[in-house]
Structure formats: C-alpha cells, structure tokens
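**Student:** model this:
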Amino acid sequence: MPEPNADMGAASAGPTLEGRSRMSEKVSFPAKNGSPATGEIVLPKQDGPSPAVVLIQEWWGLNDHIRSLLDRLGAAGFVALAPDLYHGKTTRDAGEAGRLMNELDKQRALDEIAGAVSFLAAHPRSNGKVGVMGFCMGGALSFAAAAAIPELKAAVPFYGVPSPAPDTSRVKAPILAHFAARDAWATPAAAEAIRKELTARGQSMELHVYDADHAFVNDTRPEVHHPDAARLAWERSLEFLRQHLG
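**Tutor:** You can find the predicted model right below:
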C-alpha cells in the first residue's frame, strides 16, 4: 500500500491525545469463532439507547489517531468500539505497517469484527443497531465485513478496496464510501466498479471522491491531511450513520 511520505515521525497537525485524558477504555469480547478478542470502546454522554459503530483501524494499528476518531464518534452520540486487530502492535514505520497488514489473518480479523458487532448489538447502552466504519486497511475490511456480517445496518469505508474481493451479492447494509482522487492504491475506479456491481443488483452504495490524497482524514499526517475534505466526509458519515442506525 504505497503512501507518500508515510513516515509518521514528522511533526503532527491537528488534535492529538497528548495533554488530556482519553475517553476510550479497553474492553474484551468473544470473536465470532469464540476466541478472545480485545479493543477499545467509548460511550456517549447522553442517556438512553444509542446507535453503535465498529471502527476499524488503518494499517498502523490501533493508535492514538484511531482513539481520537473513537472520541469523535462518542462525542457525536455513538457507542463506538475499535477491535485491536494487531493485538497490541502499532507502528509509525510504513514498511512495518505493510508487513503487519500483509500478515494479518483476514478471516480472524473478520471474526473479531463480527464479535465486536455482536458485542455492541447486545451492549446496554446500544439501541441494537450497529454499523461499521474503517480507514485504509479498515476501509477494505469494512467492505468485506458488509459482505460477511449480515447483522450490519450500515457501512462506511474510507479509501480501501478488499483483496480478494468478497461476495458482494451478500451485502445487505447500505454503503457510503469515501475515496481520494489522488490515490494509486485505493483508486476511485476500483470503488466505482464496486458501486456499479452493487447497484446493478439493487443494492445501495453511495460513492464520494474528494480532490485529495490517500488517508486525507488522518490529521496526524500533514503531508496528506486535507481538512476540508475530511470535514465534509465526516459530516456525511455521521448523517448517514444516524439515518440508518438511529
């Protein structure tokens, strides 16, 4: 997955978790196959049942950027859970991130995502409706999860294309996809091919392409972060999730 200037040692831009307490807490839950899984969860401040979202990490791992997105989902009124698909490993090195992604057992990852969906559906703070949102590697897994987990009520993949391609005929959840025009890995053409395949069967997929680079939402990477595109994509995502999970 080539990402320009992917070395995260550069100075960060935007909000970070430094200097404040983080909202998320560690949690354990069973994967679909019964094996133990872990992640981090955040709860909304308001009382009463709330919509729920499984947030899937980028290839860097469950790091502070993903925790910041958990915080934002919680602040927007969602019960949000990020499964730790690398089981404690994170990296700032693009080469290591690529290795971790390529070595990921995708079926195990989908089992853990399915376990997170079941956990949230039964959570006392949840209204029982669960969606999935993912970025980069997590975007690809969001597409795969939509095909593999019929309980999902909505899917929001960001700039990720699953390989191998899942059986999209099994997709039940509506999809809202965000891609970048200047992305040589998760190309808009690949996203459009998925959209055409789904809509030809009467399945729902909305696709937005932004004049931006891959990973444009990641505000810890100033070389690719596009604030305006990120803001618009996030607003569209929240509206979509509220529509289908509320």
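**Student:** Test my guess that residue 87 contacts residue 35.
**Tutor:** No. At 10.9 Å, residue 87 does not count as touching residue 35 under the criterion of CB atoms under 8 Å. Bear in mind the C-beta positions are built from the backbone N, C-alpha and C, glycine included.
**Student:** For residue 106, which residues are in contact?
**Tutor:** Taking CB atoms under 8 Å, 6 or more residues apart in numbering as the criterion, residue 106 is in contact with 141, 144.
**Student:** Could you measure from it over to residue 162?
**Tutor:** Using CB to CB, to the nearest Å, residue 106 is found at 9 Å from residue 162.
**Student:** Could you pull out the helices in this protein for me?
**Tutor:** 64-75, 94-103, 106-121, 137-148, 188-200, 227-245 (DSSP state H).
**Student:** ok, the residue nearest to the spatial centre of the chain - contacts?
**Tutor:** Centroid-nearest residue in the chain: residue 134, 1.3 Å away (criterion: CA atoms, centre = their mean). Contact partners of residue 134, counting by CB under 8 Å, 6+ apart, are 55, 56, 57, 140, 141, 142, 145, 156, 157, 158, 160.
**Student:** how about CSV for the residues you listed, with distance to residue 125, pLDDT and neighbour count added?
**Tutor:** CSV is the format used below for those (distance: CB to CB, whole Å; pLDDT from 0 to 100; neighbours: other CB atoms under 10 Å):
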residue, distance to residue 125, pLDDT, neighbour count
55, 16, 98, 30
56, 20, 98, 30
57, 22, 98, 26
140, 29, 98, 26
141, 24, 98, 28
142, 22, 98, 28
145, 22, 98, 28
156, 20, 98, 29
157, 25, 98, 32
158, 25, 98, 29
160, 28, 98, 30
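**Student:** Pick the one among those closest to residue 246.
**Tutor:** Using CB to CB, residue 156 is the member of those that lies nearest residue 246, at 14.6 Å.
**Student:** How much space separates that closest one from residue 208?
**Tutor:** Here the criterion is CB to CB. By it, residue 156 lies 11 Å from residue 208.
**Student:** Overlap of the contact sets of the two?
**Tutor:** Counting by CB under 8 Å, 6+ apart, the residues touching both residue 156 and residue 208 are 176, 177, 178.
**Student:** hey, what's the last one bridged with?
**Tutor:** Each beta-bridge partner of residue 178 is listed here, defined by DSSP bridges: residue 158, residue 208.
**Student:** Compute the distance between the spatially closest residue to residue 39 that is not a sequence neighbour and residue 98, please.
**Tutor:** Distance criterion CB to CB, 6 or more residues apart in numbering; nearest residue to residue 39, sequence neighbours excluded, is residue 83 at 4.1 Å. Relative to residue 98, residue 83 is positioned 20 Å away (CB to CB).
**Student:** and if you look at residue 183?
**Tutor:** Separation of residue 183 from residue 98 (CB to CB): 16 Å.
**Student:** between those two, which one's more packed in?
**Tutor:** Shown here are residue 183 and residue 98; by other CB atoms under 10 Å, residue 183 has more neighbours (24 against 17).
**Student:** can you tell me which residues contact the closest residue to the more buried one other than its chain neighbours?
**Tutor:** What sits nearest to residue 183 in space, not counting adjacent residues and going by CB to CB, 6+ apart, is residue 214, at 4.2 Å. Counting by CB under 8 Å, 6+ apart, residue 214 makes contact with 3, 4, 136, 159, 180, 182, 183, 184, 185, 186, 224.
**Student:** is it true that the third one touches residue 215?
**Tutor:** Yes. Using CB under 8 Å, residue 136 and residue 215 qualify as a contacting pair, with a distance of 6.0 Å.
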